[in-house]
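Trainee: next comes the sequence, and after it the predicted model I'd like to discuss.
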Amino acid sequence: MSDIAAPKRTRNSASFADVIVFVFAFALFLFGLYLFGASFSSPEGTEFWVFWGGLLASSFAFLVPIVYRWARDSHR
């Protein structure tokens, strides 16, 4: 049997931009959740659009850090 050793991981610390992206994405996610709830008390005929806005906001909240890391790692 071969003895495979995993390489040691270096400790990574978050940069200021990482913190800003996290705060922005978290705020966008919370805003999406707010829109989900607000859609039930929105004026008649707009429920679908407010709920859809919440869905898009929450989806973009997950997309923002992924695109940020992809852009940051591709320039290294």
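Mentor: Okay, I see it. Residues are numbered from 1 along each chain as shown.

Trainee: could you list the low-pLDDT ranges of this protein?
Mentor: 1-3, 6, 9, 76 (pLDDT under 70).

Trainee: please enumerate the helices of it.
Mentor: 16-38, 47-74 (DSSP state H).

Trainee: quick check: buried residues in the shortest one?
Mentor: Neighbour-count burial for helix 16-38, counted by 16 or more other CB atoms under 10 Å, picks out 21, 25, 28-29, 31-32, 35-36. No exception for glycine: its C-beta is placed from N, CA and C like everyone else's.

Trainee: name the helices or strands packed onto that helix?
Mentor: Judged by 3 or more CB pairs under 8 Å, 6 or more residues apart in numbering; DSSP states H and E, helix 16-38 is in contact with helix 47-74.

Trainee: if you count neighbours, what's buried in the helix it packs on?
Mentor: For helix 47-74, by 16+ other CB under 10 Å, it's 50-51, 53-54, 57-58, 61, 64, 68.

Trainee: doesn't residue 64 make contact with residue 24?
Mentor: Yes. Counting by CB atoms under 8 Å, residue 24 does reach residue 64; the two are 6.5 Å apart.

Trainee: which ones are touching the closest residue to residue 55 other than its chain neighbours?
Mentor: Of all residues not flanking residue 55 in the chain, residue 32 sits nearest, at 7.0 Å (CB to CB, 6 or more residues apart in numbering). Going by CB atoms under 8 Å, 6 or more residues apart in numbering, residue 32 touches 53-59, 61.

Trainee: turn those residues into JSON lines, columns for distance to residue 42.
Mentor: As requested, those are exported to JSON lines (distance: CB to CB, whole Å):
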{"residue": "53", "distance to residue 42": "10"}
{"residue": "54", "distance to residue 42": "11"}
{"residue": "55", "distance to residue 42": "14"}
{"residue": "56", "distance to residue 42": "16"}
{"residue": "57", "distance to residue 42": "15"}
{"residue": "58", "distance to residue 42": "17"}
{"residue": "59", "distance to residue 42": "20"}
{"residue": "61", "distance to residue 42": "21"}
